[in-house]
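Engineer: A predicted structure for the sequence below; I have some questions about it.
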Amino acid sequence: MDPECSRLLPALCAVLVDPRQPVADDTCLEKLLDWFKTVTEGESSLVLLQGHPCLVELLSHVLKVQDLSPGVLSFSLRLAGTFAAQENCFQYLQGDSSLFVASAASQLLVHVLALSMRGGAEGHPCLRGDDWPACAQKITDHVEESLCCTATPKVTQALNVLTTTFGRCQSPWTEALWVRLSPRVACLLERDPIPAAHSLVDLLLCVARSPVFSSSDGGLWETLAQALSCLGPTHVGPLALGILKLEHCPQALRTQAFQVLLQPLACVLKATVQAPGPPGLLDRTADDATTVDTLLASKSSCAGLLCRTLAHLEELQPLPQRPPWPQASLLGAAVTVLQLCDGSAAPASSVGSHLCGTLAGCVRVQRAALDFLGTLSEGTGPQELVTQALAVLLECLESPGSSPTVLKKAFQATLQWLLSSPKTPGCSDLGPLIPQFLRELFPVLQKRLCHPCWEVRDSALEFLTQLSRHWGGQADFRCALLASEVPELARQLLQDPESYVRASAVTATGQLSSRGLHAPTSPEYAEARQSLFLELLHILSVDSEGFPRRAVMQVFTEWLRDGHADAAQDTEQFVATVLQAASRDLDWEVRAQGLELALVFLGQTLGPPRTHCPYAVALPEVAPARPLTEALRAFCHVGLFDFAFCALFDCDRPVAQKSCDLLLFLRDKIASYSSLREAGGGPNTASVEAALPRCRTGEHAQPPGDQEPEAVLAMLRSLDLEGLRSTLAESSDHVEKSPQSLLQDMLATGGFLQGDEADCY
Amino acid sequence: MKLYCLSGHPTLPCNVLKFKSTTIMLDCGLDMTSTLNFLPLPLVQSPRLSSLPGWSLKDGNAFLDKELKECSGHVFVDSVPEFCLPETELIDLSTVDVILISNYHCMMALPYITEHTGFTGTVYATEPTVQIGRLLMEELVNFIERVPKAQSASLWKNKDIQRLECSGVISAHCNPCLPRFKQFFCLSLPSSWDYRLLPSPLKDAVEVSTWRRCYTMQEVNSALSKIQLVGYSQKIELFGAVQVTPLSSGYALGSSNWIIQSHYEKVSYVSGSSLLTTHPQPMDQASLKNSDVLVLTGLTQIPTANPDGMVGEFCSNLALTVRNGGNVLVPCYPSGVIYDLLECLYQYIDSAGLSSVPLYFISPVANSSLEFSQIFAEWLCHNKQSKVYLPEPPFPHAELIQTNKLKHYPSIHGDFSNDFRQPCVVFTGHPSLRFGDVVHFMELWGKSSLNTVIFTEPDFSYLEALAPYQPLAMKCIYCPIDTRLNFIQVSKLLKEVQPLHVVCPEQYTQPPPAQSHRMDLMIDCQPPAMSYRRAEVLALPFKRRYEKIEIMPELADSLVPMEIKPGISLATVSAVLHTKDNKHLLQPPPRPAQPTSGKKRKRVSDDVPDCKVLKPLLSGSIPVEQFVQTLEKHGFSDIKVEDTAKGHIVLLQEAETLIQIEEDSTHIICDNDEMLRVRLRDLVLKFLQKF
């Protein structure tokens, strides 16, 4: 701890225990605690406490003071726990055995338990409970007693203590602890209703995850199996998911957990399927009355259960240890849930018709099911089900009743399905389903691009961008797209009144243009393309909102990188025009993107940046496109240096950093040309030097003029770019974040309060 | 209390409530779906429609070929369109005291009722309801009268005559011009003719005998002159018996629900209501609380369609059509949703780059409708009301008109033909597509697939409306915008206002036929709603138990209340009950008549009630055990007590006497021993309080 903080600490401790000076902001205490954690990591807690008796006083004082704010009490307990984490510090706390008050105390208790076990059983397996140290014995008795208690809060506390214990300590004694307490835990499962089910699930999963139990389970798996069959649908889902995520676990338990997880979907399928579908895991899932009850109880419980189930399965899907995946049944279930939501499902039972009524128009479930359906695109499915999935997605996109958030999800899921659809190897077409789907999709997309709600137009444009990015080269896609009015509508949205939509339209039209996706029949093809560049440039120059201008810069950068016709035709002119517009922009992201474009231009002119990875295969230096002087002249000509030098002193740090990187890269490149003569005071250095202070004061609107390359080089060499880079790398709030500042702030608040008090009298 | 259900249409109701001594008609809706069975009335001679083939029976009999025409697989009546009236024979409509109107759509049958049934009462409605209702009627009369039709088909609907001839029973719905029909029938019907031989949907049409031609403007004016204007929450006394109050219902300008209440009973009548924020004042739900009966009509006709989504659909399709150079036709009423659509377009057209596309509103009442909407500030939602103080017009269509983006014309003739520019958007009536300027645009634009017709009014099936125009190249978009309550909102409303009983059209007590699995699309309440159908009379499920009676001050002065239980005091009163104008008054009884000389003969009508000395009133209960002990004390022995369902029987076996003690009566049954009876009676009385 630095001396300044040491000096401030006693006063702060005094403030904390003074009930007349309430600490207004709990986040200060959190920060303070974080700082203490950092301090105790660096030096011994014992030394710290010995050096600062005020801390010990604080800890003992908080127990005596009445009316102390809960925040300070909790802080003190956690602080004590932090110190107690170091064994040699424990002596300070042993006397206080009564600290069983809140969640903070449970952490402390865990520390005490762990320490006493470690101290008492050095080298002994310590599996029998009767020879445990008295302190550990006492804590265990207390926990055991609490577990048998009928008051749920006590049970919750005990379970939380155990969860923390098994989470933190992986010593062999924890197994003994479990052996001793597991009958009590199992007893909880026999109660009706099961108390503290949430904490119970946490504990069971925590124990199951502990490596101590990987070999001998101590009845753990039986307890888990029991929990799976006893817990209600609300709590059993997280438990099942947790079990399925375990790396080592008996197969039977996994199967049971998966069945439990699938239960709600199985109920839905059963209630709606007219004829038995393809055999799947869902069919084998037994009927569960409580699941059905939950589904039927109320709209919110039904929606809650289905949303959780879908989210759990979505989480499980990408895991390597997931059980055999009933893709077809799950696909069927996701489709059915969506049909229930849009009212098109045909119920096969009274449960089904009840579900129809409950889920019809339920946006929450619709969104969850669309997310899940999107995830399912990773796997394959029978053609018939894929057709159904695409049909339900199309229905969702087409339905006037779909809310903007549902449409967004539907677009995302559709994109996932389209991009994952199997393509015939070596063939450019998209399989039998997709072309037909696209023919139906584009009219819907057209309608959505005209939607009065901007969120919908925005999602539709994003979808279009993504789809063309991936499929721009597919003949079927091009054909369907060009047969529609979508490109034209996207172009019109460049004038949308909503800035987000304009931004998305910029990205979409930029992407379409890169792919040459203008209407091919148009005789003004080239003209249209050219006018798009002018239109985007216009947006960059005059749009009042930042988003569209940033989007334009990104499109231009991409055009330059991909050699888009507009950029390639007269690259220098292109770069000059764009940089000129970007340099004047008030939005730092636009300026930063301008530097990115400049970097691409540099790279194309001088060769790519050298890789700094020591393991990368060193490629032979690519010969630059043209001689260096010529290149430098080109950079000067397009105004690259003016822009970069001004950006170096930009008031927004990221711009300055980027410019610094760019100039360093340039200097690095130039250095590799040994032939270049050292230029001390070349002809026009003065003008650049004169310009620099102007840049510094932010007058970058006036470019210093067309410089000579030599002058620029001199300038480049004279700048301490490395120094600048390290200064810029320091966070601008590094002063404000220091612990010293935190302590001063808290004291100042206390002092201020005192002042108030004086005023009152 | 009875409810006579004269209309089966759930959103165009017409019910008569008999409550206390009043007869109140609730709404006067006119079912215009009958017009879908008729051929359209073209404004300009249509070669296509005039050359349709006549319809003949399968056996070739063509006796109806002048009246029924075939058009692309459907059969239509070639005649002036007719409307389906409410039942006029279920109850004598001349006895109706008042008619309460909820909104302008629910008053379209008014002239038929007020002008042709002997009605002499008053009609109550808010001002916007009357003014806009007048516009709707005016437009309707204008649409039909400006295309005179030479023929009036009547032969095809001779179902009643058939019945009359076969069974000799005169139908309840007999037609006033029956004799003429009968003649027709005798002359031209084949012997095997049966009404059921008519093609669908004619043979399934509801109550064709009640179908009538449109009223005249004169009848409209006369009917509207019987209306008395009312304001929200205004209390209107009806004959001192009940009080009626209109409440804002949030559905349309001036639309109301009604409270009909007496001192002890409350009936709420909920007609078209909306909880969405559109232009009208929001719905007043709180005043509907504590109703004994809530009559619920006028829910949304498209419960699965969300109005917001539909407006989105409307705008998108409009934009797509116009961008491609096509025209958009919106068949609509001249008031209501059109205001909201114009407001949406006001915001949308600029963003969609459609500012240069003209919007045309064509209706004989277009101008009045647009202007009326701006002057009913007090009937508008808060947002629009506050605009008036700025001052700004509450609806943005004023600006659309000012900037020439929206133009309105009384008809396609005249100025419109000079200004007409395509592509454009045309709002015009009638939504049934059977009459009005819309018929012209259907004929004009129907052949091109560039054009689109967008149905926004939910009253007519769009497929049926389009049937006489098939085959049609023009695109059809169905986005019905119905802002009335849906079933979720109804369920919340009922939970909040908690009526004792709900009465509603039978359509609301089961899922829609096309979606029989959607159990959510019906009213779900406890106790289950009572349902009604056309021509049904419902006895409403509650009995009137109390009546308020006033006591004259001098009579009240003479009363000496006695507290019989804490908080409950009783007094006996002898008085004359005087009832006049549904008010009841207790007056002091006349003094006992002085014995007169006896010369005058007493007239029966002057008979004054005898004021006998009253026996005291008894109260309290008899504790059986103590009573038995008392009996024993008084020398009765051999007493047996039996418990019965209603109380106890005390048997005095020796005396062969039985005392039957029940909650509200005690009987002493003994065999001719008056002494014993009196003795026992006095013992019983010891346990009771007297006053």
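Structural biologist: Perfect, I can see it now.
Engineer: Can you read off the pLDDT for the residue nearest to A:A333 when sequence neighbours are not counted?
Structural biologist: For A:A333, the nearest residue in space outside its immediate sequence neighbours is A:L265; the separation is 4.1 Å by C-beta to C-beta, 6 or more residues apart in numbering or on different chains. (Glycine included, C-beta is placed from N, CA and C.) As summarised for this prediction, A:L265 has a pLDDT of 90.
Engineer: From what I see, A:L265 and A:H312 are in contact.
Structural biologist: No: A:L265 is beyond contact range of A:H312, at 10.6 Å (criterion: C-beta atoms under 8 Å).
Engineer: Could you break the chain into its assigned domains?
Structural biologist: All of this refers to chain A. The record assigns chain A these domain ranges, following the TED database: A:3-218, A:573-607+A:626-672+A:685-731.
Engineer: try chain B instead
Structural biologist: The record, using the TED database to delimit domains, assigns chain B the ranges B:2-163+B:197-299+B:486-539, B:307-478, B:618-690.
Engineer: for those, which one sits closest to A:L606?
Structural biologist: Put simply, out of these the one that sits nearest A:L606 is domain B:307-478, at 44.2 Å, with distance taken as C-beta to C-beta.
Engineer: separation between the residue of chain B found nearest chain A and A:S353?
Structural biologist: Ranked by C-beta to the nearest C-beta, the top residue of chain B for proximity to chain A is B:D520, at 3.1 Å. Note on B:D520: its distance to A:S353, by C-beta to C-beta, to the nearest Å, is 9 Å.
Engineer: quick revisit: a markdown table please, covering the domains of chain A and showing mean pLDDT and mean neighbour count.
Structural biologist: What follows is the domains of chain A, written out as a markdown table (pLDDT from 0 to 100; neighbours: other C-beta atoms under 10 Å in any protein chain shown):
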| stretch | mean pLDDT | mean neighbour count |
| --- | --- | --- |
| domain A:3-218 | 77 | 17 |
| domain A:573-607+A:626-672+A:685-731 | 80 | 19 |
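Engineer: can you tell me the residue of chain A closest to chain B?
Structural biologist: Across chain A, no residue is closer to chain B than A:G357, which sits at 3.1 Å (C-beta to the nearest C-beta).
Engineer: Would you mind writing the CA trace of stretch A:445-460 as PDB?
Structural biologist: The C-alpha coordinates for stretch A:445-460 follow below in PDB (Å, rounded to 0.1, in the frame of the first residue of the first chain):
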ATOM      1  CA  LEU A 445     -38.500  -8.700 -48.300                       C
ATOM      2  CA  GLN A 446     -39.800  -6.000 -50.700                       C
ATOM      3  CA  LYS A 447     -42.800  -5.500 -48.400                       C
ATOM      4  CA  ARG A 448     -40.600  -5.400 -45.300                       C
ATOM      5  CA  LEU A 449     -38.400  -2.800 -46.900                       C
ATOM      6  CA  CYS A 450     -41.500  -0.600 -47.200                       C
ATOM      7  CA  HIS A 451     -42.600  -1.100 -43.700                       C
ATOM      8  CA  PRO A 452     -43.600   2.000 -41.800                       C
ATOM      9  CA  CYS A 453     -41.700   0.800 -38.700                       C
ATOM     10  CA  TRP A 454     -38.000   1.700 -39.100                       C
ATOM     11  CA  GLU A 455     -36.800  -1.300 -37.100                       C
ATOM     12  CA  VAL A 456     -38.300  -3.600 -39.700                       C
ATOM     13  CA  ARG A 457     -36.800  -1.800 -42.600                       C
ATOM     14  CA  ASP A 458     -33.500  -1.900 -40.800                       C
ATOM     15  CA  SER A 459     -33.600  -5.600 -40.100                       C
ATOM     16  CA  ALA A 460     -34.600  -6.300 -43.700                       C
END
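Engineer: That one - what's its average pLDDT?
Structural biologist: Confidence over stretch A:445-460 (mean pLDDT, whole number) is 94.
Engineer: Is any residue of that stretch near chain B?
Structural biologist: Yes: taking C-beta under 8 Å from any C-beta of the partner chain as the criterion, stretch A:445-460 and chain B are in contact, through A:Q446, A:K447, A:R448, A:C450, A:H451, A:P452, A:C453, A:V456.
Engineer: returning to that earlier point: could the domains of chain A go into JSON lines alongside distance to A:Q554?
Structural biologist: Putting these into JSON lines (distance: least, C-beta to C-beta, whole Å) gives the following:
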{"stretch": "domain A:3-218", "distance to A:Q554": "37"}
{"stretch": "domain A:573-607+A:626-672+A:685-731", "distance to A:Q554": "6"}
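Engineer: right, and these - which one's nearest B:G567?
Structural biologist: Nearest to B:G567 among those is domain A:3-218; the distance by C-beta to C-beta comes to 43.8 Å.
Engineer: can you give me phi and psi for B:I639?
Structural biologist: For B:I639, the backbone dihedrals are phi -90, psi 130 (criterion: degrees, to the nearest 10).
Engineer: So which of the residues of stretch A:445-460 next to chain B is the closest to A:Q366?
Structural biologist: Nearest to A:Q366 among these: A:V456, at 15.1 Å, using C-beta to C-beta.
Engineer: Contacts for stretch B:412-423, please.
Structural biologist: Outside stretch B:412-423, the residues that touch it by C-beta atoms under 8 Å, 6 or more residues apart in numbering or on different chains are B:43, B:321-322, B:325-328, B:357-358, B:360, B:362, B:407, B:409, B:437, B:440.
Engineer: pLDDT averaged over that stretch, what's the number?
Structural biologist: Stretch B:412-423 shows a mean pLDDT of 92 in the predicted model.
Engineer: Could you tell me the end-to-end distance of that stretch?
Structural biologist: Here the two ends of stretch B:412-423 are set 16 Å apart, with distance taken as C-alpha to C-alpha, to the nearest Å.
Engineer: and what of stretch A:204-213?
Structural biologist: From its first residue to its last, stretch A:204-213 covers 12 Å (C-alpha to C-alpha).
Engineer: next one: stretch B:39-57
Structural biologist: For stretch B:39-57, the first and last residues are 19 Å from each other (C-alpha to C-alpha).
Engineer: Contacts for that stretch, please.
Structural biologist: Applying C-beta under 8 Å, 6+ apart, the contact partners of stretch B:39-57 are B:62-66, B:68-71, B:75-81, B:143-144, B:146-147, B:149, B:190, B:197, B:199, B:411-413, B:433-435, B:437, B:439-440, B:442-443, B:468-469.
Engineer: Since that was my last question, I'll sign off now.
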